[in-house]
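Student: Next input, structure requested:
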Amino acid sequence: MKLLFAVLLMTVSLSNGIAQDCSNILTGTVIDFHNGMPLTGAAVQISGNPDIVYTDDEGRFQLNSLCMGSLELEVSHEACITQFIKVEIDKAHTELDVKLEHHLEELDEVKVVGDAIIHKTNSAQEVVLRQQTLEQFSSGSLGDALRELSGVSSLNTGANIVKPAIHGLNGSRVLILNNEVRMQDMEWGDEHAPNVDINSTGSISVIKGAAALQYGGDAIGGVILMEQARIPAKDTLFGKTLLNGMSNGRGGNVTSELTKVFDKGWFIKGQGSYKRLGDQEAPDYVLSNTGIREVGASLRFGKQLFTWGWDANYSYYNAEIAILRASHIGNVDDLIRGINSGRPEVIRPFTYDLQNPRQEVFHI
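Tutor: Just a heads-up that it's a prediction; the model follows:
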């Protein structure tokens, strides 16, 4: 009985060995990731196998006598990072292209950078608001935050309408791109400011001089770029919540965001903020009708890999901005009387009500 069992086992093993096809071929090309040039002398071997094949002058290689199934290739070249690639052999002839990155070969200069901020141009007239500054002005506006940069001032109309000015130019002379979308709110007049939620952006850059013209011929004063933060290339979950309170206006704002990145490069990010202020006050009286209510939210998702990626964005913004009641005049006599009085003509008790005159802004 034992002899019969041994004979049957050898027969089955022999049948499997005969059935397995190990005459398959794997060919491929090893090229430079940056310029696509073939890499000569790159070493290609199957992990665990001592045999090594080198690429020819055209960067091509060939591995013979391969069995059906999966295998792992180890591809290396001088001044390149070694790559380990899984290959599925499921047909007689399999083609494969491998891209290696050259680091030492393409090094022409060394730039020492003190932080991780990436500049959009090579112009020396590009400045970037740091993340710490954006968080400090979480309860403010875009114009308030940009005043921290050299050469940028603001034109204030009332308590909450702040229009940025670059070297004295504002309105249509300053271009604002919010996630590559042109914002034209502040081009309507002095009483209109950019209506954006600075809590939804990851970085803000101001580009001045000739470099700004690549974004539009009318950007004589400069360009303000608002962009999303970079997504880390690792499986992680992170977020933050900021809560601010203000005594003048008896209110504040809250903003929160959460980002989830998966190991395959997929990511999703959600953000929301809410701001509420009542009438602001001078030392001796209330500035009636100077409150604000602002709601903002954004959703971003996509896939980000080393060589490529895509993402989709959705944003929501809704704000009501009250304008000082005493500033609403009907004729020149009202203006002269308001200037000479030293105090607003209309002073009411503190309230959170947003009455006329006011602005209502909504966009998605």
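Student: So residue 30, which state does it fall into?
Tutor: strand (DSSP: H, G, I helix; E, B strand; the rest coil).
Student: Tell me, how many residues neighbour the nearest residue to it once chain neighbours are set aside?
Tutor: Spatial nearest neighbour of residue 30, excluding adjacent residues (CB to CB, 6 or more residues apart in numbering): residue 42 at 4.2 Å. For the C-beta atoms, the positions are set from N, CA and C on the backbone; glycine is no exception. Around residue 42 sit 22 other residues, with neighbours defined as other CB atoms under 10 Å.
Student: cool, the one 3 residues further on as well?
Tutor: The number of residues packed near residue 45 is 18, by other CB under 10 Å.
Student: Please apply the same query to residue 188.
Tutor: 11.
Student: got it, and residue 321?
Tutor: A count of nearby residues for residue 321, using other CB under 10 Å, gives 25.
Student: and if you look at residue 362?
Tutor: Quick note: residue 362 (other CB under 10 Å) scores 11 neighbours.
Student: check contacts around it.
Tutor: 317, 318, 319 (CB atoms under 8 Å, 6 or more residues apart in numbering).
Student: need these in JSON lines with neighbour count, can you?
Tutor: JSON lines is the format used below for the contacts of residue 362 (neighbours: other CB atoms under 10 Å):
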{"residue": "317", "neighbour count": "19"}
{"residue": "318", "neighbour count": "15"}
{"residue": "319", "neighbour count": "19"}
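Student: domain parsing for the protein?
Tutor: Using automatic domain parsing, the domain parsing of the chain gives 23-100, 126-227, 236-363.
Student: Any chance of these in JSON lines with mean pLDDT as columns?
Tutor: Below are the domains of the chain laid out as JSON lines (pLDDT from 0 to 100):
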{"stretch": "domain 23-100", "mean pLDDT": "88"}
{"stretch": "domain 126-227", "mean pLDDT": "85"}
{"stretch": "domain 236-363", "mean pLDDT": "91"}
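Student: what's the most buried one of those domains?
Tutor: domain 126-227 (a mean of 19; mean count of other CB atoms under 10 Å).
Student: Could you check which helix or strand contains residue 356?
Tutor: Assigned by DSSP states H and E, residue 356 belongs to no helix or strand.
Student: what's the most centrally placed residue in the chain sitting at in phi/psi?
Tutor: For the chain, the residue nearest the mean C-alpha position is residue 228 (2.4 Å; CA atoms, centre = their mean). Residue 228 has phi and psi values of phi -80, psi 150 when expressed as degrees, to the nearest 10.
Student: got it, and residue 81?
Tutor: Per-residue torsions, residue 81: phi -80, psi 130 (degrees, to the nearest 10).
Student: any idea how far residue 306 is from the nearest residue in space to it that is not next to it in sequence?
Tutor: Using CB to CB, 6+ apart and skipping the chain neighbours, the partner closest in space to residue 81 is residue 101 (5.9 Å). From residue 101 over to residue 306 the distance is 9 Å, taken as CB to CB, to the nearest Å.
Student: where along the chain do the helices fall?
Tutor: 2-19, 131-136, 142-146, 332-341 (DSSP state H).
Student: any idea how far residue 176 is from residue 217?
Tutor: 16 Å.
Student: To clarify, my last question referred to residue 153.
Tutor: Counting by CB to CB, the gap from residue 153 to residue 176 is 16 Å.
Student: can you check residue 241 too?
Tutor: Residue 241 is 27 Å from residue 176, by CB to CB.
Student: The stretch 151-300 of the chain: strands as residue ranges?
Tutor: 152-157, 161-166, 174-178, 181-183, 203-207, 222-227, 236-246, 251-261, 266-277, 280-281, 286-287, 292-304 (DSSP state E, counting those that start in this stretch).
Student: Identify whichever of those strands lies nearest to residue 126.
Tutor: Ranking the strands of the stretch 151-300 of the chain by proximity to residue 126 (CB to CB) places strand 203-207 first, at 4.9 Å.
Student: Pairing partners for the closest one, with directions?
Tutor: Using DSSP bridges, the strands paired with strand 203-207 are strand 126-129 (antiparallel), strand 222-227 (antiparallel).
Student: Return the distance of stretch 54-68 from the chain's centre.
Tutor: 41 Å (CA atoms, centre = their mean, to the nearest Å).
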